[in-house]
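Enquirer: Generate a structure from the sequence data that follows.
(2 chains)
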Amino acid sequence: MAGKTLFDKIWDAHVVEVIKGGPSVVYIDKHLIHEVTSPQAFAGIDKRGIGVFRPQNTVATPDHNVPTVDQHLPIKDQLSRFQVDKLTENCEKHSITLYVLGHPFQGIVHVIGPELGITQPGMTMVCGDSHTSTHGAFGSVAFGIGTSEVEMVLATQCILQPKPKRMRINVEGELLKGVTAKDIILYIISKITASGGTGFFIEFAGSAIRELSMEGRMTVCNMSIESGARGGLIAPDDKTFEYIKGREFAPKGADFDKAVAKWKELKTDDDAVFDKELTYDAADIEPMITYGTNPGMGAKISGRIPVEQDIEKSNLMSFNKALNYMGFKAGDSIVGKEIDYVFVGSCTNGRIEDLREVAAFVKGRKKADNVTAWIVPGSKQIEKQANEEGITKILEEAGFKLRQPGCSACLAMNDDKIPEGKISVSTSNRNFEGRQGPGSRTMLASPLTAAAVAVSGKIVDPRTLL
Amino acid sequence: MAIDKFLTIESSVVPLPIENVDTDQIIPARFLKATTREGFGENLFRDWRFDKSDQPKPDFVLNQNVYSGSILVAAKNFGSGSSREHAAWAIHDYGFKVVVSSFFADIFKNNALNSGLLPVQISEEFLSGIFEAIEKDPATKLKVDLINQEITLLTAGEKEGFEINSYKKECLLNGYDDIDYLLGLKDVIEQFEQSRD
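Expert: Residues are numbered from 1 along each chain as shown, chains lettered A, B, ... in the order given. Next up, the predicted model:
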């Protein structure tokens, strides 16, 4: 019998029951919730007159709707405030741990999970947010769910899911200078398209992936779902264990050693078979940026926007619609395009390593006058760390200001909206029409590229400034 | 908590021949601030449907009286992006009972099934056939028969089968939901927890 993939090992260990001709009942170890996708789920269990089955396995924080300035004041937007208050009310009623706005542990759910040691190898994790895939960087099976499914987990700690197929993507070799984790995942999605991963759970492997820091691995797994995949994961290794050690909810002392011994077994067997396997050469990856309105529309920043002949016939309509929306022409050079906004933040690239990278680049340089830049840390802990490490000061000297933690302009549910027609170079994960505000135009890139663009005032290949 | 029972539907169609329709187009994030499931239909396809001053855009299909019905037909990769179930709620709340496409995003498909909205996946050829028929005659009707898992283009009489897992089919036909099912498994789930300790 063929060996098992890492994904199969974790999934199979959590199957309570398989429904004949249907999905599996999968047990969930950790459930993260936030204010936007949970209120209807709580209303559902209240209506059924049942409680939360395992409240200790759910952790909550507000992130999507929160302002990124003056967080000590009541939230001005009435609907946002109501939704955030509802989360507090629901968590109090059902004894769920909640990190409210201003709490030292508050932040974007997918940033605080790993940061607090909640995320651990071998776990199943869900959250009513597609970027739950981020936690796969620790060798967990983590995926986003809808609100009915949030209700299932609150009610029974289980979820009904069809088992995805398995895909492995190997990135082998050394990354070029100026190429980061974000460029790897934008490159992969540009190759397999925004629907190429649909139906699959992707394991990322290969020497270039192993070399990534935990933060880098989180960026890759975070955006795995932008290919349509159910999630992404990376086998845990010493780097993973080192990251977890000593964190708030990580096992301590002898328990930690025991856990590590178990975690070390979490890898794909040599003879395991994948439904699909792809291999890329790390040396082929350059700094990437998107030019269109889905994350698969990415190109090498030094290159040109594709022309119709480069596009598959069935995608032509989307391609032309996207260029029309962005105000770009097929075949245009990407470098040199004027931009208006830079956003550094989100669960994709709002971690301390991202802020360090931006600070290191802008140190001794100045922000371009034509650029409005929003730099938003992913959590209160990152904000504190940025202050302690002098990052905040470096940013200020270069003309930037660090805002307060939240999802912010990634989805523009709060006031951080890119105005209509303006172009934003963003370290977030989606460039859909209007994603960063009605009529906004988004180009996705790495924090390093975003920093270079903020200083130059236009699209620039960051390698020319290193 | 029962969802509406799904019966066979015969209806004219609203065509949306756009690929990769993402959840941010179906329901933009700024309309996700409600704490109930109702009312999202009002903002379905908000930024395609209305201009800045909230006036209907005449070229968008939902603003064209010639198209109506409870079946939405969209081009491939429908519902990509966010996990927001609000996207399925918005489509359902607007009055659609079925979405037809040649390819659905995974989370959207689950969310639709959990919201009593039937996603019907058909071949590219059949989908093109539907779009062509609607172009010729906007009153073209489709019949969606869940029991026999068949979709029929009524004027031409052309049919195609579609897949749905037997568990979900049972749920839709009878108006059961997954939470009822899972609550019935409480003992099994507790045993599972004990077996892992």
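Enquirer: In chain B, what residue comes closest to chain A?
Expert: Per Cβ to the nearest Cβ, B:Tyr167 is where chain B lies closest to chain A, at 2.7 Å. Every residue, glycine included, has its C-beta placed from N, CA and C.
Enquirer: I figured that residue hits A:Pro23, correct?
Expert: Yes: the criterion here is Cβ atoms under 8 Å, and B:Tyr167 meets it with A:Pro23 at 6.6 Å.
Enquirer: Need the overlap of contacts for these two.
Expert: Common neighbours of B:Tyr167 and A:Pro23, using Cβ atoms under 8 Å, 6 or more residues apart in numbering or on different chains, are A:Leu160.
Enquirer: Surely A:Lys76 touches A:Pro67?
Expert: Yes: taking Cβ under 8 Å as the definition, A:Lys76 is a contact partner of A:Pro67 at 7.2 Å.
Enquirer: quick one, what contacts the residue most central in space within chain B?
Expert: Nearest to the mean C-alpha position of chain B, counting by Cα atoms, centre = their mean, stands B:Val99 at 3.7 Å. For B:Val99, the contact set (Cβ under 8 Å, 6+ apart) comprises B:Ile71, B:Leu72, B:Val73, B:Ala74, B:Phe78, B:Gly79, B:Ile91, B:Ala112, B:Leu117, B:Leu118, B:Pro119, B:Val120.
Enquirer: Quick check: what element follows the longest helix along chain B along the chain?
Expert: In chain B, assigned by DSSP state H, the helix with the most residues is helix B:124-136. Counting by DSSP states H and E, the next helix or strand C-terminal to helix B:124-136 is strand B:141-145.
Enquirer: residues near A:Arg48, how many?
Expert: Number of residues near A:Arg48 (other Cβ atoms under 10 Å in any protein chain shown) recorded here: 14.
Enquirer: cool, and the one 5 residues further on?
Expert: Applying the criterion other Cβ under 10 Å, we find 21 residues in the vicinity of A:Phe53.
Enquirer: just the one 10 residues further on next, same as before
Expert: Burial of A:Asp63, expressed as a neighbour count using other Cβ under 10 Å, amounts to 30.
Enquirer: where does it land on pLDDT?
Expert: pLDDT recorded at A:Asp63 is 98.
Enquirer: That one and A:Ile112: what is the separation?
Expert: According to Cβ to Cβ, to the nearest Å, A:Asp63 stands 8 Å off from A:Ile112.
Enquirer: Please name the residues that touch A:Thr147.
Expert: Going by Cβ under 8 Å, 6+ apart, A:Thr147 touches A:Thr37, A:Ser38, A:Gln40, A:Ala41, A:Gly128, B:Arg37, B:Glu85, B:His86, B:Asn111.
Enquirer: and the helix or strand containing the last one, does that touch chain A?
Expert: Read that as B:Asn111. For B:Asn111, the host element (DSSP H and E) is helix B:106-114. Yes: contact of helix B:106-114 with chain A (Cβ under 8 Å from any Cβ of the partner chain) involves B:Asp106, B:Ile107, B:Asn110, B:Asn111, B:Asn114.
Enquirer: what about residue 15, neighbour count?
Expert: Just so you know, I chose chain A. A:Val15: 16 surrounding residues under other Cβ under 10 Å.
Enquirer: other chain: chain B
Expert: B:Pro15: 21 surrounding residues under other Cβ under 10 Å.
Enquirer: Nearest spatial neighbour of it, chain-adjacent residues omitted?
Expert: Once flanking residues are discounted, B:Pro15 sits nearest to B:Ile134: 4.7 Å by Cβ to Cβ, 6 or more residues apart in numbering or on different chains.
Enquirer: can I assume the one you found is in contact with B:Thr140?
Expert: Yes: distance between B:Ile134 and B:Thr140: 5.0 Å, which falls inside the contact criterion (Cβ under 8 Å).
Enquirer: list the residues that contact both of these two?
Expert: Joint contacts of B:Ile134 and B:Thr140 (Cβ under 8 Å, 6+ apart) are B:Val13.
Enquirer: by contact count, what packs against the lengthiest helix in chain A?
Expert: The longest helix of chain A (DSSP H) is helix A:78-93. Helices and strands touching helix A:78-93, by 3 or more Cβ pairs under 8 Å, 6 or more residues apart in numbering or on different chains; DSSP states H and E, are helix A:39-48, strand A:97-98.
Enquirer: List the buried residues of the longest strand along chain B.
Expert: Counting by DSSP state E, the longest strand found in chain B is strand B:9-16. For strand B:9-16, a neighbour-count test (16 or more other Cβ atoms under 10 Å in any protein chain shown) marks B:Ile9, B:Ser11, B:Ser12, B:Val13, B:Val14, B:Pro15, B:Leu16 as buried.
Enquirer: could you dump those to CSV with pLDDT?
Expert: Shown next, in CSV, are the buried residues of strand B:9-16 (pLDDT from 0 to 100):
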residue, pLDDT
B:Ile9, 96
B:Ser11, 97
B:Ser12, 97
B:Val13, 97
B:Val14, 98
B:Pro15, 98
B:Leu16, 97
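Enquirer: List the residues that contact residue 5.
Expert: This is for chain A. Contacts for A:Thr5 were tallied using Cβ under 8 Å, 6+ apart; they are A:Arg166, A:Arg168, A:Glu203, A:Thr268, A:Asp269, A:Ala272, A:Val273, A:Phe274.
Enquirer: that's the wrong chain, I meant chain B
Expert: Counting by Cβ under 8 Å, 6+ apart, B:Lys5 touches B:Leu172, B:Leu173, B:Asn174, B:Gly175.
Enquirer: so where do the strands sit in the stretch 251-400 of chain A?
Expert: Here the stretch 251-400 of chain A has its strands, by DSSP state E, counting those that start in this stretch, at A:276-281, A:288-290, A:298-300, A:341-344, A:372-375.
Enquirer: whoops, the stretch 101-250 of chain A was the one
Expert: Here the stretch 101-250 of chain A has its strands, by DSSP E, counting those that start in this stretch, at A:124-127, A:141-144, A:158-161, A:165-172, A:200-205, A:231-233.
Enquirer: Adding mean neighbour count, write those out as TSV.
Expert: What follows is those, written out as TSV (neighbours: other Cβ atoms under 10 Å in any protein chain shown):
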stretch	mean neighbour count
strand A:124-127	27
strand A:141-144	29
strand A:158-161	26
strand A:165-172	22
strand A:200-205	27
strand A:231-233	30
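Enquirer: Reformat these into TSV and put distance to chain B and mean pLDDT next to each item.
Expert: Formatted as TSV, the strands of the stretch 101-250 of chain A follow (distance: least, Cβ to the nearest Cβ, whole Å; pLDDT from 0 to 100):
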stretch	distance to chain B	mean pLDDT
strand A:124-127	8	98
strand A:141-144	4	98
strand A:158-161	5	97
strand A:165-172	11	98
strand A:200-205	9	98
strand A:231-233	10	98
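Enquirer: Next up, the contacts around B:Ala34.
Expert: Neighbours of B:Ala34 in contact, by Cβ under 8 Å, 6+ apart: A:Leu79, B:Phe40.
Enquirer: picking up where we left off before, who wins for proximity to A:Gly296 among the helices and strands packed on helix A:78-93?
Expert: With Cβ to Cβ as the measure, helix A:39-48 is the member of those nearest A:Gly296 (30.8 Å).
Enquirer: could you check the angle helix A:78-93 makes with that closest one?
Expert: Angle, helix A:39-48 to helix A:78-93, by axes from the mean of the first three to the mean of the last three Cα atoms, to 10 degrees: 50 degrees.
Enquirer: Report all helices and strands that helix A:39-48 contacts.
Expert: Counting by 3+ Cβ pairs under 8 Å, 6+ apart, helix A:39-48 packs on helix A:78-93, helix A:147-156, helix B:178-183.
Enquirer: Fine, thanks again, bye for now.
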